[in-house]
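> With the input below, show me the fold.
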Amino acid sequence: MDISTRAEFPADPAETFTMLTDEAYLNEVCEASDARSYSVAVDGTTTRTTRVLEAPSAAAKFTGPTLEVVEEISWGAAEADGSRRGTVSITVPGQPVVMNGSAVLAPGGGGSVFEMSGDLKVNIPLLGRKLEQSAAPAVLAAVQTHEEVGRRWLARG
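So this is what the prediction gives:
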(Lines give C-alpha, C1' and ligand atoms only; values in the text may rest on other atoms or scores of the structure.)
Protein backbone atom coordinates (compact mmCIF):
# COMPACT_ATOMS: atom_id res chain seq x y z
CA MET A 1 0.00 0.00 0.00
CA ASP A 2 1.48 3.33 -1.05
CA ILE A 3 1.65 5.95 1.69
CA SER A 4 2.60 9.58 1.25
CA THR A 5 2.52 12.39 3.78
CA ARG A 6 4.14 15.72 4.54
CA ALA A 7 4.88 18.10 7.37
CA GLU A 8 5.86 21.76 7.36
CA PHE A 9 8.28 23.40 9.76
CA PRO A 10 8.84 27.15 10.31
CA ALA A 11 12.63 26.97 9.89
CA ASP A 12 15.05 26.56 7.02
CA PRO A 13 16.16 23.04 6.03
CA ALA A 14 19.49 23.27 7.88
CA GLU A 15 17.83 24.15 11.20
CA THR A 16 15.05 21.61 10.62
CA PHE A 17 17.56 18.87 9.82
CA THR A 18 19.48 19.67 13.01
CA MET A 19 16.21 19.27 14.93
CA LEU A 20 15.19 16.04 13.15
CA THR A 21 18.51 14.46 14.10
CA ASP A 22 18.59 15.66 17.72
CA GLU A 23 18.12 12.94 20.36
CA ALA A 24 16.23 15.27 22.71
CA TYR A 25 13.77 16.16 19.92
CA LEU A 26 13.28 12.48 19.03
CA ASN A 27 12.67 11.69 22.71
CA GLU A 28 9.91 14.34 22.74
CA VAL A 29 8.38 12.79 19.60
CA CYS A 30 8.36 9.35 21.23
CA GLU A 31 6.76 10.76 24.39
CA ALA A 32 4.13 12.60 22.34
CA SER A 33 3.27 9.39 20.48
CA ASP A 34 2.14 7.79 23.76
CA ALA A 35 4.79 5.10 23.51
CA ARG A 36 4.73 2.76 26.49
CA SER A 37 8.49 2.57 26.21
CA TYR A 38 11.02 3.76 23.65
CA SER A 39 14.65 4.19 22.74
CA VAL A 40 16.35 6.72 20.49
CA ALA A 41 19.71 6.53 18.71
CA VAL A 42 21.40 9.02 16.42
CA ASP A 43 24.49 8.02 14.47
CA GLY A 44 25.64 10.91 12.31
CA THR A 45 22.86 11.47 9.78
CA THR A 46 20.92 8.30 10.69
CA THR A 47 18.17 8.29 13.31
CA ARG A 48 16.55 5.22 14.84
CA THR A 49 13.60 5.13 17.18
CA THR A 50 12.13 2.02 18.73
CA ARG A 51 8.70 2.43 20.30
CA VAL A 52 6.30 0.06 22.02
CA LEU A 53 2.84 1.26 21.03
CA GLU A 54 -0.73 0.12 21.50
CA ALA A 55 -1.61 -2.18 18.61
CA PRO A 56 -4.39 -1.09 16.22
CA SER A 57 -7.53 -3.09 17.03
CA ALA A 58 -7.45 -4.93 13.69
CA ALA A 59 -3.89 -6.10 14.38
CA ALA A 60 -4.16 -6.85 18.11
CA LYS A 61 -5.43 -10.40 17.57
CA PHE A 62 -2.16 -11.13 15.73
CA THR A 63 0.27 -9.00 17.71
CA GLY A 64 -1.19 -8.85 21.18
CA PRO A 65 -2.08 -5.54 22.85
CA THR A 66 1.20 -3.83 21.90
CA LEU A 67 3.69 -3.89 19.11
CA GLU A 68 7.22 -2.65 18.72
CA VAL A 69 7.82 -0.23 15.84
CA VAL A 70 11.34 0.54 14.64
CA GLU A 71 11.80 3.60 12.41
CA GLU A 72 15.12 4.37 10.79
CA ILE A 73 15.84 7.37 8.57
CA SER A 74 19.22 7.67 6.86
CA TRP A 75 19.83 11.11 5.36
CA GLY A 76 22.14 12.01 2.50
CA ALA A 77 24.29 15.10 2.20
CA ALA A 78 22.78 18.56 1.96
CA GLU A 79 22.29 20.12 -1.46
CA ALA A 80 23.19 23.77 -2.13
CA ASP A 81 19.71 24.92 -1.01
CA GLY A 82 19.91 22.83 2.18
CA SER A 83 17.55 20.13 0.93
CA ARG A 84 18.29 16.48 1.71
CA ARG A 85 17.04 13.10 0.59
CA GLY A 86 16.95 10.02 2.73
CA THR A 87 15.72 6.48 3.01
CA VAL A 88 13.04 5.38 5.46
CA SER A 89 12.57 1.93 6.94
CA ILE A 90 9.78 1.04 9.35
CA THR A 91 9.62 -2.48 10.72
CA VAL A 92 7.68 -4.35 13.36
CA PRO A 93 10.08 -7.00 14.73
CA GLY A 94 8.51 -10.43 14.91
CA GLN A 95 5.68 -9.41 12.57
CA PRO A 96 5.46 -9.52 8.75
CA VAL A 97 5.20 -5.72 8.51
CA VAL A 98 7.62 -3.43 6.70
CA MET A 99 7.60 -0.04 5.04
CA ASN A 100 10.47 1.05 2.85
CA GLY A 101 10.48 4.45 1.29
CA SER A 102 12.06 7.84 0.97
CA ALA A 103 12.17 11.13 2.81
CA VAL A 104 12.79 14.59 1.40
CA LEU A 105 13.50 17.75 3.37
CA ALA A 106 13.38 20.88 1.22
CA PRO A 107 12.75 24.62 1.41
CA GLY A 108 9.07 25.51 1.20
CA GLY A 109 5.89 26.28 3.09
CA GLY A 110 7.36 29.26 4.95
CA GLY A 111 10.41 27.29 6.07
CA SER A 112 10.86 23.61 5.31
CA VAL A 113 8.74 20.79 3.99
CA PHE A 114 9.35 17.18 5.04
CA GLU A 115 7.80 14.59 2.74
CA MET A 116 7.77 10.87 3.33
CA SER A 117 6.50 8.21 0.98
CA GLY A 118 6.80 4.48 0.88
CA ASP A 119 5.27 1.10 0.34
CA LEU A 120 3.68 -0.46 3.44
CA LYS A 121 3.45 -4.25 3.29
CA VAL A 122 1.78 -6.69 5.68
CA ASN A 123 2.62 -10.15 4.41
CA ILE A 124 -0.30 -12.17 5.76
CA PRO A 125 -2.31 -14.07 3.14
CA LEU A 126 -5.88 -12.81 2.67
CA LEU A 127 -5.67 -10.30 5.54
CA GLY A 128 -2.60 -8.28 4.53
CA ARG A 129 -4.46 -5.57 2.65
CA LYS A 130 -6.94 -5.00 5.50
CA LEU A 131 -4.10 -4.83 8.03
CA GLU A 132 -2.19 -2.40 5.78
CA GLN A 133 -5.26 -0.16 5.75
CA SER A 134 -5.47 -0.29 9.55
CA ALA A 135 -1.73 0.43 9.96
CA ALA A 136 -1.55 3.33 7.48
CA PRO A 137 -3.23 5.89 9.80
CA ALA A 138 -0.58 5.17 12.47
CA VAL A 139 2.21 5.97 9.99
CA LEU A 140 0.47 9.19 8.97
CA ALA A 141 -0.14 10.13 12.62
CA ALA A 142 3.56 9.64 13.37
CA VAL A 143 4.50 12.31 10.83
CA GLN A 144 1.81 14.63 12.23
CA THR A 145 3.35 14.11 15.69
CA HIS A 146 6.77 15.09 14.27
CA GLU A 147 5.21 18.27 12.90
CA GLU A 148 3.44 19.20 16.16
CA VAL A 149 6.49 18.52 18.33
CA GLY A 150 8.75 20.22 15.79
CA ARG A 151 6.73 23.41 15.76
CA ARG A 152 6.89 23.60 19.57
CA TRP A 153 10.62 22.75 19.51
CA LEU A 154 11.41 25.48 16.97
CA ALA A 155 9.27 28.06 18.82
CA ARG A 156 11.42 27.55 21.92
CA GLY A 157 14.39 28.60 19.78
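
> use CA for all of it now, contacts and neighbours both
Fine.

> What is the neighbour count of residue 126?
Applying other CA atoms under 10 Å, we find 8 residues neighbouring residue 126.

> That one should be in a strand, yeah?
No - the assignment for residue 126 is coil, going by DSSP: H, G, I helix; E, B strand; the rest coil, so no strand is present there.

> show me the contacts for it.
Contacts of residue 126 were listed using CA atoms under 8 Å, 6 or more residues apart in numbering, and none were found.

> Next secondary structure element downstream of the worst-scoring helix or strand of the chain on mean pLDDT?
In the chain, no helix or strand scores lower on mean pLDDT, DSSP states H and E than helix 57-63, which sits at a mean of 73. Going down the chain from helix 57-63, the next helix or strand is strand 66-75, by DSSP states H and E.

> chain center to that next one: distance?
Relative to its parent chain, strand 66-75 has a centroid offset of 7 Å by CA atoms, centre = their mean, to the nearest Å.

> helices or strands up against that strand?
strand 46-54, strand 84-91 (3 or more CA pairs under 8 Å, 6 or more residues apart in numbering; DSSP states H and E).
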